[in-house]
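> give me a 3D structure for the following:
(one chain, ligands or ions: 1)
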Amino acid sequence: MMNSPLLITSIMQFAKKNHATSEIVSVTKDDPLHRYSYAEAFARVGQLANALARLGVKQGDRIGTLAWNDHRHLELYYAVSCSSLICHTINPRLFESQIEYIINDAEDRWMFVDPQFVPLLEGLVDKIPGVQGFIVMTDEAHMPQTELLNLYCYETLIAGESESFDWPSLDENAACSLCYTSGTTGSPKGVMYSHRSTVLHSYAVALPDLFSLSVNDAVLPVVPMFHVNAWGMPYAVPMVGAKLVLPGPKMGDGAAIGDLIAGEGVTLAAGVPTVWMALLADLRESGKRLPSLKRVVIGGAACPTSIMSDFQQHGVMVHHAWGMTEISPVGTFNTLKPGMDRLDEKEQWKVRAKQGRAVFGIEMKIVDDENNELPWDGKAFGALKVRGPWVCAGYFGLEGYSDTHDEDGWLCTGDVATIDPEGYMQITDRTKDVIKSGGEWISSIELENTAMGHPAVAEAAVIGVSHPKWSERPLLVVVRNAEQELRREEMLSWFDGKVANWCRPDDVVFVDELPHTATGKLQKLALRKQFEDYVFPSTG
Ligand code: ADP
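Numbering: from 1, shown residues only. Below is the predicted model of the structure:
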């Protein structure tokens, strides 16, 4: 057999040739509904690759993006990766100091930025000396006023460039993109994807028991393109030639998402639980229906069965999925096996609430504290480990780092799970000390350190507590210094200006002592158990 390398370039060339007329529709700041064909998109990808070369980039250079989901971001995905550069997507919602750290750690050479994130970069520009210049992703008419130097307007930069580009023949193991995760403890760590891992992941995602992608679909990723490559959809969708609908900055706007689904005939959408609550609330109020929508993939946080049943009222099937930045991200996916549709309703919901079965390509196991593999009996729970061709073997720039991989090369996910005899995995807890709010990580350690800075705090712990809208929100648990007074309001306002607003704890509880292990480490699992029935005052 021929040894053709698995390259993103091949996805682009295939889509361009076989699906030239398929559509890409985007909401952008400068155009409420931008629409063009794959042929037009990939012609502009060629122009952008030429423009990048003119900027003097070198093979392997990291090109940073701070952008929502739209056609320009998609053009970057392809132009950057296929011309031997690395597309480094950055989450603009992170705290400024984290963005600064990430840009410097990745050694980004150029930054492509949506107009609304220009002020963010203005505040950082003195602290990111490696960045040679900035490209604002808009046209001349919508260029913001800014003092940033070496500034280009995206449309002007690519205008006049040739549409043809001599795409290099790359090694399939060459890096194509980079995404940082703060899903474990410590500083954010870079996960570097390769062309090969991305193509294999795209094949897997497209399978019938996963996203089940077809040329007849219209796909709406409501998961940001700065978060694990929007779960791989910008690659998997062109692979089958389906229509791609990109919601731009409208992600959290339920009514806008509903209109986009109805207007563009979206058949499949994907995102974290929080975004669907806004859509479902809007549908309840407006009485609107979404006749085209058939399937919604929900992952990134546990999907409440109420969301699944609400969607069912609209004739939409929800599939629960589990993944991580480290695994590209899809690891397990929930579809029913034969006969399960005949289970009574309660039993069916039990299965559908699980995070799903492993996808071929992902090996999965649960182990006890001594690394003994536990049975798939649906009862035994242990640390979840995975390995496979789209699982990261390590982190960017951290050779020798071993906190997340065991000696046999398995990735320790930081999740605790059961696996039933049919292979359905269910997350029961998390060993990593982070909180996932609306699909984004909040570092409990950062909040604990901030709390400990208060003179009246003897010890502090922050845990994620379930929240009806955000999946989880941070709860601060504090032991006060015996001789000092400290009230709730004072403690909570202590975080003002010290951490990003959306990361602040929602509440504080004062206790006499915190649970510790024999070696004096805080026992987060025990603490989470202690507060599992806790209800935030704002939601109770
Ligand atoms: P993503 O949000 O794209 O899945 P991250 O790397 O940000 O990727 O987060 C991965 C972590 O999110 C998992 O290790 C797990 O703790 C949590 N997670 C992801 N999907 C689910 C899910 N369906 N149910 C519960 N937790 C999940």
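
> and the pLDDT at the residue in the stretch 101-250 of the chain positioned nearest to the ligand?
Closest contact between the stretch 101-250 of the chain and the ligand, by C-beta to the nearest ligand atom, is at residue 183 (4.0 Å). The C-beta positions use only the backbone N, C-alpha and C, and glycine is treated the same way. pLDDT, residue 183: 71.

> leaving out chain neighbours, which residue sits closest to it?
Computed as C-beta to C-beta, 6 or more residues apart in numbering, the closest residue to residue 183 that is not its neighbour in sequence is residue 441, at 5.6 Å.

> hey, C-alpha coordinates of the helix or strand harbouring that neighbour in PDB?
In the assignment (DSSP states H and E), residue 441 maps to strand 440-443. Taking Å, rounded to 0.1, in the frame of the first residue of the first chain, the C-alpha atoms of strand 440-443 are listed here in PDB:
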ATOM      1  CA  GLU A 440     -13.600  26.700  31.300                       C
ATOM      2  CA  TRP A 441     -11.200  25.900  34.000                       C
ATOM      3  CA  ILE A 442     -10.800  27.700  37.300                       C
ATOM      4  CA  SER A 443      -7.700  27.000  39.200                       C
END
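
> note down every partner strand of that strand and its orientation.
strand 434-437 (antiparallel) (DSSP bridges).

> name the helices or strands packed onto the helix ranked longest in the chain?
Across the chain, the helix with the greatest residue count (assigned by DSSP state H) is helix 38-54. Counting contacts by 3 or more C-beta pairs under 8 Å, 6 or more residues apart in numbering; DSSP states H and E, helix 38-54 packs against helix 8-18, strand 23-26, helix 71-82, helix 154-158.

> which residues touch the residue nearest to residue 183?
By C-beta atoms under 8 Å, 6 or more residues apart in numbering, the contact set of residue 441 is 181-183, 434-435.

> 10 Å instead?
By C-beta atoms under 10 Å, 6 or more residues apart in numbering, the contact list for residue 441 reads 91, 94, 98, 181-184, 188, 325, 432, 434-435, 503.

> out of those, which are inside strands?
Per DSSP state E, strands hold the following members of the contacts of residue 441: 181, 434-435.

> can you get me a residue count around the closest residue to residue 72 other than its chain neighbours?
Nearest residue to residue 72 in three dimensions, chain neighbours excluded: residue 137, at 4.5 Å (C-beta to C-beta, 6+ apart). Using other C-beta atoms under 10 Å, residue 137 has 27 neighbouring residues.

> let's have the chain start at 17 instead
New numbering, starting at 17: the last item is residue 153.

> residue 153 touches residue 50, doesn't it?
No: contact criterion C-beta atoms under 10 Å: residue 153 and residue 50 do not qualify, at 11.8 Å.

> mean confidence for the strand holding residue 457?
Mean pLDDT, strand 456-459: 85.

> what of stretch 517-534?
Over the span of stretch 517-534, the pLDDT mean works out to 90.

> near the ligand, which residues of the stretch 367-516 of the chain?
Residues of the stretch 367-516 of the chain that fall close to the ligand, judged by C-beta under 6 Å from any ligand atom: 371, 429-431, 443, 446, 452, 455.

> 8 Å instead?
Taking C-beta under 8 Å from any ligand atom as the contact definition, the stretch 367-516 of the chain meets the ligand at 371-372, 429-431, 443, 446, 448, 452, 455-457.

> one step back: any idea how far the residue nearest to residue 88 is from residue 544?
Remark: distance between residue 153 and residue 544 (C-beta to C-beta, to the nearest Å) = 41 Å.

> please apply the same query to residue 529.
For residue 529, the distance to residue 544 - C-beta to C-beta - is 16 Å.

> likewise for residue 189?
From residue 189 across to residue 544, the span is 40 Å (C-beta to C-beta).

> number of nearby residues for the nearest residue to residue 25 once chain neighbours are set aside?
The shortest distance from residue 25 to any non-neighbouring residue, by C-beta to C-beta, 6+ apart, is to residue 98 (4.2 Å). Other residues near residue 98 come to 26 when the count uses other C-beta under 10 Å.

> what sits against residue 98?
Contacts for residue 98 (C-beta under 10 Å, 6+ apart) come out as 23-29, 58, 61-62, 65, 181, 183-184, 186, 192, 211.

> and this protein, which residues reach the ligand?
For the chain, the contact set with the ligand under C-beta under 8 Å from any ligand atom comprises 197, 199, 239, 243-244, 247, 288, 314-319, 336-342, 345, 371-372, 429-431, 443, 446, 448, 452, 455-457.
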